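Undergrad: here is the input, now give the coordinates:
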Amino acid sequence: MSGDDVITVRVGAPAHGGHCIARHEGRAVFVRHALPGELVEARVTSGEPIARFWTADAVKVLEASDDRVESPWPEAGPGGVGGGELGHVALPAQREWKLAVVKEAFDRFAKVSFDGQVSAAPGDDERGGLGYRTRVSAVADPEGRAAMTVFGTKDRKRISAMPLAVPAAEEALLAARATPGTRIEVAVSADGRAHVAWADAGDRSAVIERVAVSGTELEFRVRSADFWQAHRKAPSVLAQAVVDRIGDAERVLDLYAGAGLLSVAMASQGRMVTAVELHSGKGRSSLSVNLAPYETSMEISGDARRTLELMAKDGVLFHDGAIVLDPPRSGAKAATVAAIAKLEPGRIVYVACDPVALARDAALLAEHGYKLESADAWDLFPMTHHIETIATFIR
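TA: Below is the predicted model:
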């Protein structure tokens, strides 16, 4: 099928990835920019005539949902750039959409029910789900200005707005000029200043972040190359949720520790924290710098699974402690889950940016005797399908 083929479909339930499922001539069609229950004309974006499924963009709404609104970022609409695929959905309905996706993931892959909720970050409702990103990036177009990739293609389009970003980040991104093809990265620090870095130039500048956890303001040094939560309130929301979930554990192993957000939050309460992160850059890591003030903490630079296996070989156990992990989007997977189980932690707190990966790992943890105690989710990426979920597992 080509991009000129338009089909009429009745849209069904939302699915993981930012689309809804429709049916056409016996095949599944994954439709973006639509809402459950709508009747739409959709332009097929991929799929051979004999394929079992197609993808499509809704280009005309024949019967609209009551939850449909005008997108605040038209450039991310049908045929546009990625990153704002739920802009046409009213904010409360976005959370209902994400809740349905998380519930389906847990039911299907973990064989357990998700009894939690999807909560908004502080301030998001007041801002209409906009102006929350302190980190944004783009690639310089042939004229050196910010452009983003058109969803499902390798093409790029120049953008004239970035309404998901805090004002300082949007202004800096649109004002940036760079050599064509260079990745432009903008970070707004705790003092409100925008820092622009050109990733291909190997920029290693750092910004200062401040995060409130349990009534205490914690300070972090974060390099431009480090991962840091994009939402202005996400670091506090997630760190507080993890601290609350580890209970009275005095010893904590923090896997995939990054720049130390969760490690520092736990160490600041006097817990003995071992933070594991593979550091391949030059010089001292941000994790090492951020943990330095806490005598009860230590850093291990290494692969998470390999570190776990070495600990198990040395007879290290965490019966009276907890293991916290915030793995990549693909999840921890079988070998790492098995290695975690060998340390016999009393409690496991799992932070996930992909509910399907979390649910699959939950099923693996169940094979090792760990059951889901509780789980909740946060809408830290309004206007997109992304969602953050935290689950606690016990034996």
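Undergrad: number of residues surrounding the nearest residue to residue 325 once chain neighbours are set aside?
TA: The shortest distance from residue 325 to any residue other than its chain neighbours is 4.1 Å, reached at residue 255 (C-beta to C-beta, 6 or more residues apart in numbering). No exception for glycine: its C-beta is placed from N, CA and C like everyone else's. The number of residues packed near residue 255 is 25, by other C-beta atoms under 10 Å.
Undergrad: same check, this time on residue 219
TA: With other C-beta under 10 Å as criterion, residue 219 counts 12.
Undergrad: then residue 146?
TA: Neighbourhood size, residue 146 [other C-beta under 10 Å]: 25.
Undergrad: against residue 225, how distant is it?
TA: As judged by C-beta to C-beta, to the nearest Å, residue 146 and residue 225 stand 20 Å apart.
Undergrad: also residue 290?
TA: Taken as C-beta to C-beta, the span from residue 290 to residue 225 is 15 Å.
Undergrad: what do you get for residue 158?
TA: Residue 158 sits at a distance of 25 Å from residue 225 (criterion: C-beta to C-beta).
Undergrad: same question, residue 364
TA: When C-beta to C-beta is applied, the distance between residue 364 and residue 225 equals 31 Å.
Undergrad: more neighbours: which of these two?
TA: Taking other C-beta under 10 Å, residue 364 and residue 225 do not tie; residue 364 has more neighbours (20 against 16).
Undergrad: convert the C-alpha atoms of the lengthiest helix in the chain to CSV, please.
TA: When secondary structure is assigned using DSSP state H, the longest helix within the chain turns out to be helix 91-105. Listed next in CSV are the C-alpha coordinates belonging to helix 91-105 (Å, rounded to 0.1, in the frame of the first residue of the first chain):
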residue,chain,number,x,y,z
LEU,A,91,-5.9,15.7,28.9
PRO,A,92,-8.2,13.5,31.2
ALA,A,93,-8.8,11.2,28.3
GLN,A,94,-5.1,10.9,27.7
ARG,A,95,-4.7,9.4,31.2
GLU,A,96,-7.6,7.1,30.6
TRP,A,97,-5.9,6.0,27.4
LYS,A,98,-2.7,5.3,29.2
LEU,A,99,-4.4,3.5,32.1
ALA,A,100,-6.1,1.2,29.5
VAL,A,101,-2.7,0.4,27.9
VAL,A,102,-1.0,-0.3,31.3
LYS,A,103,-3.9,-2.5,32.4
GLU,A,104,-3.8,-4.5,29.1
ALA,A,105,-0.1,-4.9,29.4
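Undergrad: contacts for that helix?
TA: 13-16, 35, 65, 67, 86, 89, 113-114, 116-118, 120, 124-125, 128-129, 355-356, 358-359, 377, 379, 382-383, 385, 387, 389 (C-beta atoms under 8 Å, 6 or more residues apart in numbering).
Undergrad: can you list the strands that the helix or strand just after that helix pairs with?
TA: Note on helix 91-105: by DSSP states H and E, the next helix or strand toward the C-terminus is strand 118-120. In the sheet, strand 118-120 lines up against strand 371-379 (parallel) (DSSP bridges).
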